[in-house]
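Visitor: Pasting the sequence and the predicted model now:
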Amino acid sequence: MQVSKRLFSLETESAFAILAKAKKLELEGKDIINLGIGQPDFPTPQNILEAAKKAITDGHHGYTPSNGILPLREAVSKKIYEDYNTSVSPDNILITPGGKPVIFFAALIFGEPGVEIIYPDPGFPIYRSMIKYTGATPVPLELKEKDNFEVNIELLEKLITNKTRLIILNNPNNPTGSFMNETKISQLVNILEKYPETVILSDEIYSKIIFDNFSMPSLLKFESIRDRLIVLEGWSKTFCMTGWRLGWSVWPNKIIDFANKLCVNDHSCPSSISQYAGLEALIGPQDEVVKIVKEFERRKSFVHNGLNRLKKIKCFKPGGAFYAFPNIIETNMSGNQFADIALNELGVALVPGSSFGDSVDEYVRLSYANSMENIEKAIYRLSKI
């Protein structure tokens, strides 16, 4: 049997492989603390659950429009205006089964042999995977600890060529937890304005999980780049809805029809039940979200301080999301070696930095989407390395 050669370009997400290993060890009777997977440990808020139940009993069981139900797209449009004082038509919004289709579609629309796509390194591994699948050349934009893992604007400008079709940005960043404030984003936009033929994909999935009283400086605020800007957002992280598979995105007029056509070919439409749940998430009370973010900030401080008290480990202070990205170079181990020992000998599941790019082999990612009790136990166990 012959398969397409392009399939061999696909990569994967190590976090899921590590989750499977951790579950296997648990079945063998071992006590495992999972700080590997990137999903909130809180339940989906009750009002959202009730909305989903009502959608079922009300008979919302069939197909919806491929771009999502109009009330949900209108609610997203309203939310964007409330958050960023920016008007976006519901016709420019796509509802998708999670955020990954947005990455896939953007790569398919702009990627082909002979072109380049810039992506963050370290970054979400699906960026590079999808770029390679299209035949385009992935160009890593290295994020350095000395720059607080923010985009180095001078380096970015050096990477842009006449072959650059798409630039992928992510703020707050997975896996580092770094956050670029509005001043930095404004500087970044000043550079992007110089390259009007280059499209931008801004992954803002962690936009509501930001600390130290900062708020999200969405690229949607900048009119000068709106005609070539794709924004990826969703419900998974903010509303603890990873398994509901629901995301939203904003697309420019010139390419929204291409993206919607890919929706039709790929998945027909998002789950109708999830869409009605997502609608309640946006228009219903936000009290639980506020509580969740406060708890993540409390855990962030504990993890940051706890890791920096360990010998041979130093940890950058996260500004958003729910990840810490400690540097373990003084242990004389690679991130893979460190993560293997942590899991197999100490019962702590982590993700090696190399899962997120080639430039961060001396790091590991730790998700503090777990209870404070388990996080405290995990840091104690890691102190034994």
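Guide: Perfect, I can see it now.
Visitor: separation between the residue nearest in space to the middle of the chain and residue 323?
Guide: In the chain, the C-alpha nearest the mean C-alpha coordinate belongs to residue 205, at 5.2 Å (C-alpha atoms, centre = their mean). According to C-beta to C-beta, to the nearest Å, residue 205 stands 12 Å off from residue 323. C-beta here means a position set from N, CA and C on the backbone, and glycine is covered the same way.
Visitor: anything in contact with each of these two?
Guide: Both residue 205 and residue 323 are contacted by residue 174, under the criterion C-beta atoms under 8 Å, 6 or more residues apart in numbering.
Visitor: contact partners of stretch 373-385?
Guide: For stretch 373-385, contacts defined as C-beta under 8 Å, 6+ apart pick out 33, 35, 299, 302-303, 306-307, 310-311, 313, 331, 338, 341-342, 346-348, 366, 368, 370.
Visitor: In the stretch 151-300 of the chain, mark out all the strands, start to finish.
Guide: Secondary structure of the stretch 151-300 of the chain, counting by DSSP state E, counting those that start in this stretch: strands at 164-170, 199-203, 229-234, 247-250.
Visitor: Residue 352 is nearest to which of those?
Guide: Residue 352 sits nearest to strand 164-170 of all those, at 19.0 Å, using C-beta to C-beta.
Visitor: where does residue 142 fall, phi/psi-wise?
Guide: Here is the backbone geometry of residue 142 (degrees, to the nearest 10): phi -70, psi 130.
Visitor: Tell me what it is bridged to.
Guide: Residue 142 has these beta-bridge partners by DSSP bridges: residue 121.
Visitor: Are we agreed that residue 317 is in a helix?
Guide: No: Residue 317 is assigned coil when assessed by DSSP: H, G, I helix; E, B strand; the rest coil, not a helix.
Visitor: Please tell me I have it right and it contacts residue 303.
Guide: No: between residue 317 and residue 303 there is no contact under C-beta atoms under 8 Å: 10.0 Å.
Visitor: Looking at those two now, which is surrounded by more residues?
Guide: A side-by-side neighbour count of residue 317 and residue 303, using other C-beta atoms under 10 Å, places residue 303 first with 28 against 17.
Visitor: What part of the protein, helix or strand, is modelled with the least confidence?
Guide: None of the helices or strands of the chain scores lower by mean pLDDT, DSSP states H and E than helix 14-27, at a mean of 86.
Visitor: Within the sheet, what are the partner strands of whichever helix or strand comes after that one, with directions?
Guide: Following helix 14-27 in sequence order, the next helix or strand is strand 33-34 (DSSP states H and E). Sheet pairing of strand 33-34 (DSSP bridges) gives strand 348-349 (parallel).
Visitor: Sheet partners, orientation included, of the helix or strand just after the partner strand?
Guide: Downstream of strand 348-349, the first helix or strand assigned by DSSP H and E is strand 351-352. Paired strands of strand 351-352, with direction, are strand 364-367 (antiparallel) (DSSP bridges).
Visitor: Can you dump the C-alpha atoms of the strand it pairs with in PDB for me?
Guide: The C-alpha trace of strand 364-367 is given here as PDB (Å, rounded to 0.1, in the frame of the first residue of the first chain):
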ATOM      1  CA  VAL A 364      10.900  21.400  30.400                       C
ATOM      2  CA  ARG A 365       7.300  22.500  30.400                       C
ATOM      3  CA  LEU A 366       5.300  22.200  33.600                       C
ATOM      4  CA  SER A 367       1.500  22.800  33.500                       C
END
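Visitor: For the stretch 151-300 of the chain, just list every one of the helices.
Guide: 153-159, 182-192, 253-266, 272-283, 287-308 (DSSP state H, counting those that start in this stretch).
Visitor: Just send those helices back as CSV, with mean pLDDT and distance to residue 69 too.
Guide: Shown next, in CSV, are the helices of the stretch 151-300 of the chain (pLDDT from 0 to 100; distance: least, C-beta to C-beta, whole Å):
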stretch, mean pLDDT, distance to residue 69
helix 153-159, 98, 38
helix 182-192, 97, 31
helix 253-266, 98, 13
helix 272-283, 98, 5
helix 287-308, 97, 22
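Visitor: which residues does residue 97 contact?
Guide: Counted by C-beta under 8 Å, 6+ apart, residue 97 has contacts 245-247, 267, 270-271, 274.
Visitor: can you check residue 346 too?
Guide: Neighbouring residues of residue 346 by C-beta under 8 Å, 6+ apart: 381-382, 384-385.
Visitor: Nice, that's everything, thank you.
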